[in-house]
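Q: I'll drop the sequence and a predicted model, then ask my questions.
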Amino acid sequence: MFQHTPLRLTTLALLAAGSLAYTFAAGFFGLEILAEIAILAILVIALDLVAGFGGMVSLCHGALLGVGAYAFTVAATEAGLSAAPAMALAIALSAALAFAIGAVCARSTGIYFIMATLAFGQMGYSFVFQSPLFGGDDGLAGAPRPDLGAIGIDLTDSRAFAIYAILLVAVTYLVAAATLRSGLGRSLVGLHHNEKRLRALGLTVWRAKATAFAISGALAGLAGCLAAQHTQYISPGLLSWTVSGEALVVVILGGLGTLVGPILGAILFVVLKHEISALTPYWHAIVGLILIAVVMSRANGVVGFVEARLATRKPQPLVKEAKADA
Amino acid sequence: MKSTIKAALAGLVTSTAMLTAAQAEDIKVGILLPYSGVYAALGQDIDDAFALGLETYGTDSGVTFEIVREDTEVKPPVGLAKTKKLILQDEVDVMVGVVSSGVLGAIRDTVDGAGVPLIVANAGNDEATGEACSPYITRISFSNQQVNRPMGQWMVDQGVKKVFTIAPDYAAGRQMIDAFTTAFTAAGGEVVGQEWPAFQKTQDFGPFLANAKASGADAVYVFFAGGEAISFVKQYDSFGMKAEMPLYGSGFLTSALYVEAQGPAAEGVITALHYVPTLDNPENAAFVAAFKAKTGRIPSEYAVQGYDSARALVEAVKAGATDRATLATALPKVAFTGPRGDLKMDPATNNVVQPIHVYETVAGPDGLTQKVLATLPAEADPVNGCAMPAATN
Amino acid sequence: MTADLGFWVLQMLNALQLSMLLFLLSVGLTVIFGLMHFVNLAHGSLYAFGAYVAASLAGVLGYWGGFFLAPLAVAAMGAALYFTLIRSQRRAGPMAQVLITFGLIFVAVDATRLVWGDLPIGIAVPAVFEGQLSLLGVEYPIYRLFIITLGLAVLGVLTLILSRTQIGAMIRAGVDNDQMAACLGINVERMFFLVFVVGCALAGLAGAVAAPVLSVTPDMGLQILIPTLIVIVIGGLGSLKGAVAGSLIFGFVQTFGAVLLPTLSSVLIYALLAAVLVARPQGLLPAKG
């Protein structure tokens, strides 16, 4: 069941304050990294919503992100829509596709669900990769950033864009938390624990699963729009199953089913990636080893680890403890 | 935890910022190459040869070159992010590299907008020196059409009348084959069939080879590179098709980088390229010897592109260029005789103008080697919609 | 040209050859899953490892040295993995297994780059199998016929072992209900180990066999993974028959799709997989009813 413990709320507050403070201290590259973290954070919150709470471990969230990015770019460049309606359209498309995938896969569980989502994700990837409309392997240029000139904000500036991205993470978090608190969210958690019982209670199982998947897909689509606006260039690699796999890694690294954890995981993952890739081109191997170690430790990621340790001790110095474990 | 991460981030930013502040009078070079991903070997060849080129020509130029390397991972968005980093944070004077056409397409507007000169050391997409040309983008490597067009006439002259083409289904594959077929049909040849296997998804070319075999063509003309080139050449040979339907192609097919892995299957394959390591001229002899001494490898066409990129940069500096603006004006004016022969830049497109060598892969005393059959004269690409504006900064 | 009978024979053989290669890979993966409920995403990396070992040994011992030693090397690698990672994660659920083996893929790709470099490697077809054979009016590479024969032979041997021997009966019992099998006195742990190692050896064999046909590259394990997973999911996890059916379906759809419907070819197989999962969420021929 989704809860806001004092530790999680404190972490959230620290994250919000820290990231906003950092936007004013950081140089160009720091801001780029911040935007990258924000995009990944939105994606992993979306994934945690279905995987962590509903047990629907999806390997197609990268593709849903990619669909959002491509739909946004095509709507903005080909159809000439301005950024806001293009975003709405892209998010709606991702949500609709996610609803369909969720409905089709609702009967599958465990490894079959993982494989089925993988198949749908790869289908999207192959389609985009092969379709000349989407620029094929070379990708598409020209995704615009929203024009907030009316309220005096220039999003082409890295700092403004980073703040905009962080605000979208906050929106995503609120949507995910509200979903989990709603009846749908409780049904989702219930389904994860005992599907038969909820079926007996009269719940239309496939619809609940598909709706939750659609909300998650909409958030992944939002991440896609933001990714397109960030780099202003997209390529089919966004839809690849390894993106979904990495997102899953981040969720696990941070703590499955905690919502806060995946955000921490996103920060850790992006920073680690940049730090290690600056040292060696073999950074994938190091990330892989860290992943194996985290999963083998049987802790539920960073957040799960901290919470488990706190539970065995007096829960006094919350913040200090969190620092010591980093 | 938060503070640790922030410290890590802050450390990252300050360490690179300190680098930026050092020695503003030197030329700061940003290298954009894939050091991981499918083209990592190409990136390494270009990087090694670029370093060799700077050692060879740069020592008496009076300036020191400071190098910042960034890995594009062969992903266009990553390449773009790294380009922005080099321009905005490292404040480089000039950038060198770019293997994938996708990455070049992605960074084109940023490079053009920022007015930072870019020496393209591989990516051959025709647009970069065509409709999307820029005064800041100078290509020292090749264009896709440049290495394929001359083969059209040459093959007709050799008596080949009907061909079947196969190439991976992506922009570069299409450009390479289209340039060839246009020239080939203009010279009186006929294209009897075409196949476009999915790019980087096809490991078994058997189904396509069966189609080619059934087509009744005199010969097959293909473009493949990397691992696909190795698989293709071996599978072509294993179906016993070489005898009845000779295999021709764009020279990347039997690149010196891959030919050992192809083994005897590559013997007799005739292709065209802007460089082969067996070219007989003193500049090439010196280059091959120096590259072998440095790396233990025979230089590929990718290596010579890296080497000539360094040479072009040094020539521009010797002509008086000191910063982004002066380098941008000087680079398209460089001309020199290098391992490939006489090179100059086409002022209309900033693309290199160079001879194309038709070569056959043959067995030599130390394994496979390249026998040059013909050297087709240098010819500038058509302008293709390029209206070159003057550099404005 | 499509009216020509020889063309169809040739493409059938191509499809069969691809199917048999995938069968060698998927049979190990699917039986490991059926017996141990373990999802090994790194199975493709074991295949790549087999190809690299075979390619390296071919230079020293000739093709057959690599052919026989690569499966052994991969089996040894599998045994090492079993004791370090697999055994402790057997009951950890599919999520932990997917993630650990996903991490292993990352490590494996970079490890091969470190050891063997970024350049693709190629080895020659063994001298006995050079050239083509005339078959039903078409000239077909002997080496590809060898792959088909090898796949069929492995299928025959596995069928015999599973249906006629005691160990086969034990494995079938384990797939059906491993707790019950353990109660009946079967040493389930030892059987798991045996099946895992044999599955790895078969992946290594597939790598060794594929090396002369394809180029050996660091990402070949990742490239083959998705097709292998599709095969076992279409066929139904855990069953030998499923692996055969899945391999044949994949091989034929892929080959004829590429030739007859080139624009749809890459989406076709995924659409088929989705259709199978909708109609039969457990695959076509699952191990358990």
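A: Everything's here; your move.

Q: mind checking the end-to-end distance for stretch B:248-265?
A: Counting by C-alpha to C-alpha, to the nearest Å, you get 13 Å between the two ends of stretch B:248-265.

Q: quick one: buried residues of that stretch?
A: B:248-259, B:261-263, B:265 (16 or more other C-beta atoms under 10 Å in any protein chain shown). The C-beta positions use only the backbone N, C-alpha and C, and glycine is treated the same way.

Q: which SS class is the residue of chain C found nearest chain A?
A: For chain C and chain A, the shortest gap (C-beta to the nearest C-beta) falls at residue C:106, measuring 3.0 Å. Of the three states, residue C:106 takes helix according to DSSP: H, G, I helix; E, B strand; the rest coil.

Q: Please name the spatially closest residue to it (chain neighbours excluded).
A: Once flanking residues are discounted, residue C:106 sits nearest to residue A:288: 3.0 Å by C-beta to C-beta, 6 or more residues apart in numbering or on different chains.

Q: Any figure for the gap between that neighbour and residue B:203?
A: Separation of residue A:288 from residue B:203 (C-beta to C-beta, to the nearest Å) stands at 24 Å.

Q: ok, and which of the buried residues of stretch B:248-265 reach chain C?
A: Filtering those for proximity to chain C (criterion: C-beta under 8 Å from any C-beta of the partner chain) leaves B:257-258, B:261-263, B:265.

Q: Could you list which of these belong to strands?
A: Residues from these lying in strands, with DSSP state E as the criterion: none.

Q: Taking those together, which two end up most distant?
A: Among these, the pair separated by the greatest distance (C-beta to C-beta) is B:257 and B:265, at 15.8 Å.

Q: you'd agree the residue of chain C closest to chain A is up against residue A:292?
A: No: checked against C-beta atoms under 8 Å, the pair residue C:106 and residue A:292 is beyond contact range at 9.1 Å.

Q: Taking the centroid of the chain, which residue is nearest it?
A: Here I'm looking at chain A. Nearest to the mean C-alpha position of chain A, counting by C-alpha atoms, centre = their mean, stands residue A:43 at 1.3 Å.

Q: my question was about chain B
A: Short answer for chain B (C-alpha atoms, centre = their mean): residue B:122, at 2.6 Å.

Q: For that one, what are phi and psi?
A: phi -160, psi -70 (degrees, to the nearest 10).

Q: How confident is the prediction for it, by pLDDT?
A: Looking at residue B:122, its pLDDT is 95.

Q: Look up how far chain C lies from it.
A: Distance, residue B:122 to chain C, by C-beta to the nearest C-beta, to the nearest Å: 15 Å.

Q: next one: residue A:140
A: For residue A:140 relative to chain C (C-beta to the nearest C-beta), the value is 19 Å.

Q: I'd say that residue and residue A:72 touch.
A: No: Residue A:140 sits out of contact with residue A:72 when judged by C-beta under 8 Å, with a separation of 10.2 Å.

Q: check whether stretch B:60-78 contacts chain C.
A: No: against chain C, stretch B:60-78 shows no contacts by C-beta under 8 Å from any C-beta, the least distance being 11.2 Å.

Q: Can you give me the end-to-end span of that stretch?
A: Note: stretch B:60-78 ends 35 Å apart using C-alpha to C-alpha.

Q: Need the pLDDT of the nearest residue to residue C:26 once chain neighbours are set aside.
A: Leaving out its chain neighbours, the residue that sits closest to residue C:26 by C-beta to C-beta, 6+ apart is residue C:231, at 4.3 Å. According to the prediction, residue C:231 has pLDDT 92.

Q: So between residue A:140 and residue A:72, which is more surrounded?
A: residue A:72 (31 against 25; other C-beta atoms under 10 Å in any protein chain shown).

Q: The more buried one and residue A:143 touch, don't they?
A: Yes: look at residue A:72 against residue A:143 with C-beta under 8 Å: they come within range, at 6.2 Å.

Q: which residues are common contacts for those two?
A: Residues within reach of residue A:72 and of residue A:143 at once, by C-beta atoms under 8 Å, 6 or more residues apart in numbering or on different chains, are A:228-229.

Q: and residue B:41, that one's in a helix?
A: Yes: under three-state DSSP, residue B:41 falls within a helix.

Q: rewinding a little: for the residue nearest to the centre of chain A, give me its contacts.
A: So residue A:43 contacts A:61-62, A:65, A:219-220, A:223, A:247 (C-beta under 8 Å, 6+ apart).
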